[in-house]
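Visitor: after the sequence you'll find the predicted model.
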Amino acid sequence: HSTVALCCLSFAESSFFPVPPDVLLMPMAMERRQRAWWYAAVCTASSVVGGMFGYLIGWGLWEIVSDFCFRFLFSQEQFSTVTGLYQKWDFWIVFLAGFTPLPYKVFTIAGGVSHISLPMLVIASIVGRGGRFFLVAGLMWKFGDPVRKFIDRYFNWLCVLFGILLVGGVAALKLLH
């Protein structure tokens, strides 16, 4: 039942659960390398659907919790600023959250709160989460245990480095135009 567990973990992590599916994806892809791509696809699809659920949580619960948030956590002005940035950079924010160790669920819920385009969230999630999970599965398929140990040790730093390089590249392109 490991594929079902991977599916459930990927869904839950994208909307409310703190454990990333990589912890299950890596050993599964390494143990049965011929199924590594299948596991990455299951992980991606489940994560994207879980992200849509997170979006619905944000969209549906915001009205219930907004008064509390404005009273105790942040101002309407701060909320409007963040929402404006989120709506402007929706694809890149969701993509980076999906690919890096940032808490993806926070960004899917915030997407619903900010009312960003759901199709854009889905596309960014497919690209970001798919890129992450297929990269992990591909590395397990190709290199096995040595790369698992490397990823276990440096995954967060590697993702942050990739995110910085990506944001830097996009910023450089914007400045050149």
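Guide: Nice, thanks for sending it over.

Visitor: break down the chain into its helices, ranges please.
Guide: 2-13, 22-31, 36-72, 76-88, 90-99, 104-114, 118-143, 145-176 (DSSP state H).

Visitor: quick one: residues in contact with the fifth one.
Guide: Outside helix 90-99, the residues that touch it by Cβ atoms under 8 Å, 6 or more residues apart in numbering are 47, 51, 85-86, 102-104, 106-108, 111, 114, 116-117, 120-121, 123-125, 127-129, 131-132, 159, 162-163, 166-167, 170. C-beta coordinates here come from the backbone N, C-alpha and C atoms, glycine included.

Visitor: by how many degrees do it and helix 76-88 diverge?
Guide: 90 degrees (axes from the mean of the first three to the mean of the last three Cα atoms, to 10 degrees).

Visitor: what angle do helix 90-99 and helix 145-176 make?
Guide: Using the same axes, to 10 degrees: helix 90-99 against helix 145-176 is 160 degrees.

Visitor: quick one: mean pLDDT for helix 90-99?
Guide: Averaging pLDDT along helix 90-99 yields 92.

Visitor: extract the C-alpha set from that helix and format it as PDB.
Guide: Output of helix 90-99 as PDB, limited to C-alpha atoms (Å, rounded to 0.1, in the frame of the first residue of the first chain):
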ATOM      1  CA  ASP A  90       1.300  34.400  -8.600                       C
ATOM      2  CA  PHE A  91       3.000  31.900 -10.900                       C
ATOM      3  CA  TRP A  92       6.500  32.600  -9.500                       C
ATOM      4  CA  ILE A  93       5.500  32.500  -5.900                       C
ATOM      5  CA  VAL A  94       3.600  29.200  -6.200                       C
ATOM      6  CA  PHE A  95       6.300  27.700  -8.400                       C
ATOM      7  CA  LEU A  96       9.100  28.500  -6.000                       C
ATOM      8  CA  ALA A  97       7.100  27.300  -3.000                       C
ATOM      9  CA  GLY A  98       6.400  24.100  -4.900                       C
ATOM     10  CA  PHE A  99       9.900  23.400  -5.900                       C
END
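
Visitor: tell me the gap between that helix and the middle of its chain.
Guide: 7 Å (Cα atoms, centre = their mean, to the nearest Å).

Visitor: likewise the first one?
Guide: Using Cα atoms, centre = their mean, the distance from the centre of helix 2-13 to the centre of the chain it belongs to is 14 Å.

Visitor: for Met120, see how far away Gly128 is.
Guide: Counting by Cβ to Cβ, to the nearest Å, the gap from Gly128 to Met120 is 12 Å.
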